[in-house]
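Novice: What shape does this take:
(one chain, ligands or ions: 2)
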Amino acid sequence: MDRLSDAAVTEFIAVRRDIHRHPELAFNERRTAALVAAQLAAWGYEVSTGLGGTGVVGQLKRGHSDRSIGLRADMDALPIAEATGAAWTSCTHGVMHACGHDGHTAMLLAAAQHLAKGGRFDGTLNLIFQPAEEGGGGALKMMEDGLFERFPCDAIFAMHNMPGAPQGQLTFRSGPTMASSDYATVILQGKGGHGALPHLANDPLVAAASIVMALQTIVSRNVDPLQPAVVTVGALQAGEANNVVPDSARLEISLRALDPQVRRDMERRIKEVIRLQAESFGVRADIQWRPGYAVLVNDEQQTARALAVAQKHFPADQINPQGDRLTASEDFAFMLERVPGCYLFIGNGSDGEPGGCSVHNPAYDFNDLNIAPGAAYWVALVQDLLSTPQP
Ligand SMILES: [Zn+2]
Ligand SMILES: [Zn+2]
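Specialist: Ligands and ions are numbered 1, 2, ... in the order given. Predicted coordinates for the structure are as follows:
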């Protein structure tokens, strides 16, 4: 396997720490995007900027094949005050790279340099650096700006670090891997009145309480027991005084699913339950449905190819061929709805060891020991999937 030189590993650890020092929130990744664009251009990539706001694509063509591959990294940080105590601690108070996107960007840049200098491949390499993975849907914004029309890809891949898994372990999973996330705000409009004269009012509070209970039956009575799903009512607000029937009530609901059909069925059923329950209490329900990220589904064939590359170049004890499903969400799911591919994980460190702290925690830090294997995996994937013709 092509390994990075010690000098390159040192260089990209420094790049990772530089990005870590200067974290930027969703759609504000200007410094990071400029750094990425400048490096790619210096190595001979054709660079396009401004996709989805601050997204960058670097394209490198070799040989004559019309095959293509897309590798994606995310660049955004989180609104968290850092507490790592590291020498490369964030210079921006209240903002930090607590999900390792600094590391994802550095791993892909390290691979980019290596492939530009001596990569053996035949086809088109598209390196996608996206903004706003953390809730902003930067992947979708890049696609709305014509990402895959301008840079067609036969297959796409992305890698996320995973605290709690041994450092450098590569984890794959075929099929649904990460949950969808959807949100709803429900306003129940009733008719307020005196608490002593409830028969003259239409009480939205009682309707809300009934809806909260009825929603509990969706996972238990409507969803296949073998399918993971979550309906959470996280907020219920109604009324101020003990002798007043309020005018309205508000519910905040979130939904997670690991199967696109289950997700659709649950949305329909949630709306039905709310509407019919409200109607039975003489209350009007206004439902604002906000679709979040889709279910992330790894393509069977592309995942098998990505796993085969790992098995060819890495020791077996460094590979987990079928990891667990996760209830977290990820906007690479939208890219995978358009182009088949695989989202894989690289262990950031076991619990209690360096890198073991969970993402989105103020003490989290990307494990720099992953720069070398992460970049080496990207290089191997490109060279194997876009292999040069055999003489
Ligand atoms: Zn995150
Ligand atoms: Zn992340």
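Novice: Please make it C-alpha for all contacts and neighbour counts, starting now.
Specialist: Noted.
Novice: tell me the pLDDT at the spatially most central residue of the chain?
Specialist: By CA atoms, centre = their mean, the mean C-alpha position of the chain lies nearest to E330, the distance being 2.0 Å. The predicted local distance difference test score for E330 is 96.
Novice: Could you do R268 as well?
Specialist: Turning to R268, the model gives it a pLDDT of 98.
Novice: Shouldn't it be within a helix?
Specialist: Yes: using DSSP: H, G, I helix; E, B strand; the rest coil, the secondary structure at R268 is a helix.
Novice: how close does the residue nearest to the centre of the chain sit to G135?
Specialist: 8 Å (CA to CA, to the nearest Å).
Novice: now do M162
Specialist: Look at M162 and G135: by CA to CA, they are 19 Å apart.
Novice: Likewise for V283?
Specialist: When V283 is compared with G135 (using CA to CA), they lie 33 Å apart.
Novice: between these two, who's got more neighbours?
Specialist: Using other CA atoms under 10 Å, the more surrounded residue of V283 and G135 is V283, with 24 against 13.
Novice: show me the residues around that one that make contact.
Specialist: Counting by CA atoms under 8 Å, 6 or more residues apart in numbering, V283 touches 188-191, 202-204, 207.
Novice: follow-up on the earlier one: what helix or strand is the closest residue to the residue nearest to the centre of the chain other than its chain neighbours on?
Specialist: Distances taken as CA to CA, 6 or more residues apart in numbering place Y293 nearest to E330, at 6.5 Å, with adjacent residues excluded. Using DSSP states H and E, no element contains Y293; it sits outside every helix and strand.
Novice: Contacts only, for Y293.
Specialist: Residues counted as contacts of Y293 (CA under 8 Å, 6+ apart) are 137, 180-182, 329-331, 333-334.
Novice: now swap in Q302 and tell me
Specialist: In this structure, Q302 makes contact with 155, 340-342, judged by CA under 8 Å, 6+ apart.
Novice: Now with 7 Å, please.
Specialist: Going by CA atoms under 7 Å, 6 or more residues apart in numbering, Q302 touches 340-342.
Novice: That one in helix, strand or coil?
Specialist: Remark: Q302 carries the secondary structure label helix [criterion: three-state DSSP].
Novice: where does this structure have low pLDDT?
Specialist: Along the chain, the parts satisfying pLDDT under 70 run over 1, 390-391.
Novice: where along it do the helices fall?
Specialist: Read by DSSP state H, the chain holds these helices, from start to end of the chain: 6-21, 30-42, 101-118, 138-144, 147-150, 204-217, 260-280, 300-313, 332-338, 371-385.
Novice: Among those, which comes closest to A81?
Specialist: When the helices of the chain are compared by CA to CA, helix 6-21 sits nearest A81, at 12.4 Å.
Novice: quick one: buried residues of stretch 226-237?
Specialist: Taking 16 or more other CA atoms under 10 Å as the basis for neighbour counts, the residues of stretch 226-237 that come out buried are 228-231, 233.
Novice: Work out the gap between stretch 216-227 and the centre of the chain.
Specialist: Taking CA atoms, centre = their mean, to the nearest Å, one finds stretch 216-227 lying 25 Å from the centre of the chain it belongs to.
Novice: residues in contact with that stretch?
Specialist: Around stretch 216-227, the neighbours that count as contacts under CA under 7 Å, 6+ apart are 229-230, 262.
Novice: out of the residues you listed, who's nearest G168?
Specialist: Top of the list for closeness to G168, among those and by CA to CA, is A229 at 30.4 Å.
Novice: residues near the closest residue to that closest one other than its chain neighbours, how many?
Specialist: Closest residue to A229 apart from its sequence neighbours, by CA to CA, 6+ apart: A257 at 4.6 Å. Using other CA under 10 Å, A257 is surrounded by 26 other residues.
Novice: same check, this time on P362
Specialist: So P362, with other CA under 10 Å, has 22 neighbours.
Novice: Enumerate every residue touching it.
Specialist: Contacts for P362 (CA under 7 Å, 6+ apart) come out as 80-84, 98.
Novice: One more: A77?
Specialist: 23-26, 95-98, 101 are the contacts of A77 under CA under 7 Å, 6+ apart.
Novice: Now with 10 Å, please.
Specialist: Residues counted as contacts of A77 (CA atoms under 10 Å, 6 or more residues apart in numbering) are 19-20, 22-26, 28-29, 95-102, 131-134, 360.
Novice: same question, I187
Specialist: 204, 208, 237, 248-252, 283-288.
Novice: how close does the residue nearest to E330 sit to D368?
Specialist: For Y293, the distance to D368 - CA to CA - is 29 Å.
Novice: cool, and G323?
Specialist: Here the criterion is CA to CA. By it, G323 lies 23 Å from D368.
Novice: who has more neighbours, the two?
Specialist: Taking other CA under 10 Å, G323 and D368 do not tie; D368 has more neighbours (21 against 15).
Novice: Now the more buried one. Nearest residue, chain neighbours left out?
Specialist: With sequence-adjacent residues excluded and distances taken as CA to CA, 6+ apart, D368 is closest to I13, at 6.1 Å.
Novice: I'd guessed the one you found sits against I371; true?
Specialist: Yes: contact criterion CA atoms under 10 Å: I13 and I371 qualify, at 6.9 Å.
Novice: Pick out whichever of those two has more residues nearby.
Specialist: It is I371, of I13 and I371, that has more neighbours when counted by other CA under 10 Å, with 27 against 21.
Novice: could you list every residue that touches V212?
Specialist: By CA under 10 Å, 6+ apart, V212 lies in contact with 206, 232-233, 236, 251, 253, 273-274.
Novice: Please repeat the previous calculation with a cut-off of 8 Å.
Specialist: Taking CA under 8 Å, 6+ apart as the contact definition, V212 lies against V233.
Novice: now it: how far from A249?
Specialist: When distance is defined by CA to CA, V212 is 12 Å away from A249.
Novice: what's the answer for M107, then?
Specialist: Relative to A249, and taking CA to CA, M107 is found at 49 Å.
Novice: burial measure for the nearest residue in space to V57 that is not next to it in sequence, as a count.
Specialist: Excluding the flanking residues, the one nearest V57 by CA to CA, 6+ apart is I128, at 4.7 Å. By the other CA under 10 Å criterion, the neighbourhood of I128 contains 27 residues.
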